[in-house]
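K.L.:
sequence plus predicted model, see below.
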Amino acid sequence: GADPDDEQSMVRQLVCANEFDIEGLIVATGCWRKTQSNTNMLDKLVNAYAEVYDNLIVHAQGYPSPEYLKSISLMGQTGYGMSDVGTGKDSPGSELIIASVDKDDPRPVWVTGWGGMNTVAQAIWKVRETRSAEELAIFLNKLRLYDILGQDDAGAWIAKNFPEVFYIRATGVYGWQSPKNGIYYTEHIQNHGPLGAVYPDTKWAPEGDTPAFMHVYPNGLNDPDQIDQGGWGGRFSFEKKAGIRSMSEVAKINPNAEPQYDPYYMFGNTKEGAQTIKRWNKGYDNDFAARMDWSLTKKYEEANHHPVAVLNGDNTRQVLYMTTGAGSIVGLSANGSTDPDGDSLSYSWSFYKDPGSYAGTVSIQNSSSPTAQLEIPIDAVGKTIHIILELQDNGTPNLLAYRRLIINVQPL
């Protein structure tokens, strides 16, 4: 809550809340706000959500009740960084993280850090101190940490002491947004009812924390665990990087805050940085705008809704894989795709080169048709090719659905 962009990101998170199983909303400290004492800012946003909840549930299933969100709006660590981790430092937030990971549910638990990471550090510290090495390993294996820019010394402590933890530090979080305080925000977000009213003007950069949850947004574009695929939350390398430093304020507070843990290793952005997000800007901008429209009306027909993309007969949002031979012809089909509003649909099939291992050119025939074909290059043996389907409706605003096909190429 040290920057208005935290509130901005939370408004977007709330109108997208039906897409996630939200386990907790935890108030955190960080280098820009080293102490916290209450959940007032968060409560204000959840109360605005409560005002539009009855509208939102008309347009999509899965929105959590305001009462549930209030019940999981908790305080994390009230002090800064590793100084507030250790014996007697448990917080409602750290206890909730432990309880969430301990659930009898095989899915990973994503902890997205919009501030400092000392609340999850406290959870890990307690599990290490109170459980066996085997139990600690099971706990750590379910954690997925996505840290925006690094805002205390706890991330470095985690990465140093628990190198097996799945830890992303995203630094390419600026440059994907619409222009600061521009028409997009004033006309499509801020003038849209109670949630728009609590979406503040930008002070520095808009929604710097949003990529953390957009990475796990289930839109068919990527598998969050496969961090090199790329999606609305960016693209990351599986080759861990040493010493990805936090924001400069952390070193101003204590010059040795992170160097004391060197070397520590984290997953970091690929060289394209925020451009890996911006390439999808129409999709995520229009998604947010449409959801803000939903918040205004109980009439389904007064808003636009997402099309459903079917890929080669599969109507899930999962990334699909196939194996085929070099020189073969692969058929691509979006037949069966639908739009809940009866809108007409347009189709775009494209080769996404960056996440694949094939560096050549791939030609797709009939790339703007429901069915398309591609010839696998002869020199692609042993390589992977990523094909993206973008399905777009003609409603207002245009909404997109995505699918990804990953082709593993063998000798014919």
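P.N.:
Nice, thanks for sending it over. Numbering: from 1, shown residues only.

K.L.:
every contact and neighbour count from this point should use C-alpha atoms.
P.N.:
OK.

K.L.:
just the pLDDT for D3.
P.N.:
Note on D3: pLDDT of 79.

K.L.:
and for the residue lying closest to it once chain neighbours are set aside, the neighbour number?
P.N.:
Among residues not flanking D3 along the chain, K203 sits closest, at 7.4 Å (Cα to Cα, 6 or more residues apart in numbering). Number of residues near K203 (other Cα atoms under 10 Å) recorded here: 11.

K.L.:
can you pull the pLDDT of K203?
P.N.:
93.

K.L.:
Three-state assignment for S346, please.
P.N.:
At S346 the chain is in strand, as set by DSSP: H, G, I helix; E, B strand; the rest coil.

K.L.:
for it, which residues are in contact?
P.N.:
By Cα atoms under 8 Å, 6 or more residues apart in numbering, S346 lies in contact with S368, S369, L391, Q392, D393, N394.

K.L.:
strands of the stretch 201-350 of the chain, start to end?
P.N.:
Remark: strands assigned in the stretch 201-350 of the chain by DSSP state E, counting those that start in this stretch are 241-242, 265-268, 320-325, 329-333, 345-351.

K.L.:
so what's the closest residue to E375 other than its chain neighbours up against?
P.N.:
Closest residue to E375 apart from its sequence neighbours, by Cα to Cα, 6+ apart: I329 at 4.5 Å. Neighbouring residues of I329 by Cα under 8 Å, 6+ apart: Q373, L374, E375, I376.

K.L.:
got phi/psi on the third one?
P.N.:
In this case it means E375. Dihedral pair for E375: phi -100, psi 120, per degrees, to the nearest 10.

K.L.:
thought it was touching S328?
P.N.:
Yes: assessed by Cα atoms under 8 Å, E375 is found in contact with S328 at 5.8 Å.

K.L.:
doesn't D354 make contact with I387?
P.N.:
No: taking Cα under 8 Å as the definition, I387 is not a contact partner of D354, at 11.1 Å.

K.L.:
more neighbours: these two, which one.
P.N.:
I387 (22 against 17).

K.L.:
so what strands line up beside the helix or strand encompassing the more buried one?
P.N.:
Assigned by DSSP states H and E, I387 belongs to strand 384-393. Strand 384-393 has its sheet partners listed here by DSSP bridges as strand 345-351 (antiparallel), strand 400-410 (antiparallel).

K.L.:
the ones you listed into TSV, with extra columns for distance to G88 and mean pLDDT?
P.N.:
Shown next, in TSV, are these (distance: least, Cα to Cα, whole Å; pLDDT from 0 to 100):
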stretch	distance to G88	mean pLDDT
strand 345-351	53	98
strand 400-410	47	98
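
K.L.:
a markdown table for those, including distance to K44?
P.N.:
A markdown table is the format used below for those (distance: least, Cα to Cα, whole Å):
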| stretch | distance to K44 |
| --- | --- |
| strand 345-351 | 39 |
| strand 400-410 | 31 |
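
K.L.:
which among the ones you listed is found nearest to A159?
P.N.:
strand 400-410 (30.7 Å; Cα to Cα).

K.L.:
and that closest one, how far out from the chain middle?
P.N.:
Centroid displacement of strand 400-410 relative to its chain, using Cα atoms, centre = their mean, to the nearest Å, is 20 Å.

K.L.:
what is the orientation angle of it with strand 320-325?
P.N.:
Angle, strand 400-410 to strand 320-325, by axes from the mean of the first three to the mean of the last three Cα atoms, to 10 degrees: 30 degrees.

K.L.:
which other residues reach strand 400-410?
P.N.:
For strand 400-410, contacts defined as Cα under 8 Å, 6+ apart pick out 219-222, 283, 287, 306-311, 317-326, 376, 380-393.

K.L.:
before we move on, back to that, any idea how far K160 is from the residue nearest to D3?
P.N.:
For K203, the distance to K160 equals 34 Å [Cα to Cα, to the nearest Å].

K.L.:
distance to I72 for the strands of the stretch 201-350 of the chain - can I get that in TSV?
P.N.:
Listed next are the strands of the stretch 201-350 of the chain as TSV, based on distance: least, Cα to Cα, whole Å:
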stretch	distance to I72
strand 241-242	34
strand 265-268	29
strand 320-325	34
strand 329-333	42
strand 345-351	39
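
K.L.:
most tightly surrounded among these?
P.N.:
Most buried of the strands of the stretch 201-350 of the chain by mean neighbour count (mean count of other Cα atoms under 10 Å) is strand 265-268; its value is a mean of 24.

K.L.:
show the average pLDDT along that strand.
P.N.:
The model assigns strand 265-268 a mean pLDDT of 98.

K.L.:
partner strands of it, parallel or antiparallel?
P.N.:
strand 166-170 (parallel), strand 241-242 (antiparallel).

K.L.:
residues contacting it, please?
P.N.:
When contacts are defined by Cα under 8 Å, 6+ apart, strand 265-268 is touched by residues 159-160, 163, 166-171, 236-244.
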